[in-house]
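Peer 1: Quick one: sequence plus predicted model below, questions after.
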Amino acid sequence: MKHRRIPKRRAALAGAGVIALVAAGITLQTANASEDTPLPELKTLSVGAAGKLADSLGKDLGADAAGTYYDAKGKTLVVNVLDQAAADAVAQAGGKARIVENSLAELKTARTGLLKKASTKGTSWVVDPKTNKVVVTADRTVKGAKLAKLTKAVEALGSKAELKQSKGEFKRFIAGGDAIWGGGGRCSLGFNVTVGGEPHFLTAGHCTEAIQSWSEEQGGPVIGENAGSSFPDNDYGIVKYTGDTAHPSEVDLYNGSTQAITQAGDATVGQQVQRSGSTTQVHDGEVTALDATVDYGNGDIVNGLIQTTVCAEPGDSGGSLFAGDTALGLTSGGSGDCSGGGETFFQPVPEALSAFGAEIG
């Protein structure tokens with residue numbers, strides 16, 4: 001497929017648009033220099049700076065953008081592009097360009113087509129920037145005719161898609177952060193927040209859809225009542241504490257200490273993260289994809305999830321995904337366990353905060 005090249009003027013703007021973040025001293029004039037002018041050195045970036053650079057370059061490159069991910073080892077932002085002109089613009093901005101075959105728009109179109117043709121219980125779907133493909137994962141329950149149909153649909157897309165199989169089973173992690181109990185089930189508290197100055201906490205939407213009142217102990221006094229819930233499509237819920245006592249914005253590390261949470265942020269592919277939950281306590285891993293779709297069955301399809309290598313088990317639902325003092329996600333579900341591993345998916349926190357008009361702290 002022949003892709004258009006971005007003009008030099010756009011390349012210059014792509015570099016200038018992020019100059020304050022990663023390339024102090026580079027001017028618009030140098031960003032528009034001839035091909036004989038040496039490109040700036042690759043800059044080392046924090047995850048936060050890489051995320052801002054990714055947002056800016058995504059807007060400037062437009063149709064020439066093909067996804068980004070953070071190289072944690074090299075502390076660089078890898079930016080997929082379609083041609084050399086776009087690659088030069090990325091280099092001017094301080095990122096590491098990688099010329100790939102498939103555009104982000106093409107991959108999203110392929111993903112949408114697959115969802116319509118072959119979605120079934122026990123499958124997940126992500127646009128993976130590292131492979132530059134739509135990666136479809138089928139859990140161990142997808143067999144026979146369903147697996148054959150899924151395989152045929154994926155193979156029809158050629159280099160745009162690939163099929164993987166998980167040894168585990170995709171499921172919501174309700175078994176019922178710190179344990180919260182209600183109606184015979186157990187979930188985990190995500191993050192303490194405020195709404196209009198009043199104390200609330202976030203947890204998974206599939207928890208608040210099933211349970212109305214919550215306690216710290218099984219059969220104990222009620223500490224909160226549901227104030228809002230969204231599931232499926234999303235997977236977030238909010239609970240209002242029954243008292244007006246302020247609750248600290250922190251995550252239990254299950255070692256006698258806590259991690260203070262001061263803000264919410266968006267996850268970045270390649271980012272190292274931690275999860276806290278009442279069943280398996282604290283585990284860490286890496287963000288592998290964003291905007292994942294998971295079909296848990298019975299019409300329970302959730303979109304826009306963070307996919308990670310962090311393990312989780314039933315009862316961890318709603319628990320905290322975080323990086324340092326930044327809240328990232330609420331545990332939704334996945335496959336595997338903390339003995340054999342697997343994939344785990346998280347509802348992004350910023351979306352939940354926006355939906356409920358809530359704030360961290």
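Peer 2: Cool, the structure landed.
Peer 1: Next, the contact list for the most centrally placed residue in the chain, please.
Peer 2: For the chain, Ile306 is the residue whose C-alpha lies nearest the centre (Cα atoms, centre = their mean; 2.3 Å). Residues in contact with Ile306, defined by Cβ atoms under 8 Å, 6 or more residues apart in numbering, are Ala267, Val287, Ala289, Leu290, Ala292, Leu321, Leu328, Gly329, Phe345, Phe346, Gln347, Pro348. All C-beta atoms are positioned from the backbone trio N, CA, C, and that covers glycine.
Peer 1: Shouldn't the third one be within a strand?
Peer 2: The one in question is Ala289. Yes. According to DSSP: H, G, I helix; E, B strand; the rest coil, Ala289 belongs to a strand.
Peer 1: on that earlier part again, return a selection command, for use in PyMOL, containing the buried ones of the contacts of Ile306.
Peer 2: To isolate the buried ones among the contacts of Ile306 in PyMOL, judged by 16 or more other Cβ atoms under 10 Å, type:
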select buried, resi 267+287+289+290+292+321+328+329+345+346+347+348
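Peer 1: if you look at the contacts of Ile306, which of them are in strands?
Peer 2: Val287, Ala289, Leu290, Ala292, Leu321, Leu328, Gly329, Phe345, Phe346, Gln347, Pro348 (DSSP state E).
Peer 1: can the residues you listed go into CSV with extra columns for pLDDT and distance to Thr245?
Peer 2: Output for the ones in strands among the contacts of Ile306, formatted as CSV (pLDDT from 0 to 100; distance: Cβ to Cβ, whole Å):
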residue, pLDDT, distance to Thr245
Val287, 97, 34
Ala289, 96, 39
Leu290, 96, 36
Ala292, 97, 37
Leu321, 98, 26
Leu328, 98, 26
Gly329, 98, 26
Phe345, 97, 33
Phe346, 98, 28
Gln347, 98, 26
Pro348, 98, 28
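Peer 1: which one of these is nearest Ser215?
Peer 2: Gln347 (22.8 Å; Cβ to Cβ).
Peer 1: so how far is Glu41 from Asp60?
Peer 2: Asp60 sits 20 Å away from Glu41, going by Cβ to Cβ, to the nearest Å.
Peer 1: For the two, indicate the residue with more neighbours.
Peer 2: Asp60 (23 against 9; other Cβ atoms under 10 Å).
Peer 1: Regarding that one, which helix or strand does it belong to?
Peer 2: helix 47-61 (DSSP states H and E).
Peer 1: for the stretch 201-350 of the chain, which spans come out with low pLDDT?
Peer 2: Within the stretch 201-350 of the chain, no range satisfies pLDDT under 70.
Peer 1: The residue nearest to Asn255 when sequence neighbours are not counted: what secondary structure?
Peer 2: In space, and not counting its chain neighbours, Asn255 is closest to Val282: 7.7 Å by Cβ to Cβ, 6 or more residues apart in numbering. Three-state call for Val282 (three-state DSSP): strand.
Peer 1: Which strand residues bridge Val282?
Peer 2: Under DSSP bridges, the beta-bridge partners of Val282 are Ser276.
Peer 1: Run a quick neighbour tally on it.
Peer 2: By other Cβ under 10 Å, the residues close to Val282 number 18.
Peer 1: same check, this time on Ala179
Peer 2: So Ala179, with other Cβ under 10 Å, has 22 neighbours.
Peer 1: quick one: it and Ser278 touch, right?
Peer 2: Yes. Using Cβ atoms under 8 Å, Ala179 makes contact with Ser278 at a distance of 3.6 Å.
Peer 1: And the helices in this structure, which stretches?
Peer 2: 8-16, 19-22, 28-31, 47-61, 84-93, 104-118, 144-155, 205-210, 349-356 (DSSP state H).
Peer 1: I'd like those helices laid out as TSV, including distance to Gln272.
Peer 2: TSV is the format used below for those (distance: least, Cβ to Cβ, whole Å):
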stretch	distance to Gln272
helix 8-16	28
helix 19-22	20
helix 28-31	32
helix 47-61	8
helix 84-93	23
helix 104-118	24
helix 144-155	30
helix 205-210	26
helix 349-356	17
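Peer 1: Which one of those helices lies nearest to Glu162?
Peer 2: helix 144-155 (6.7 Å).
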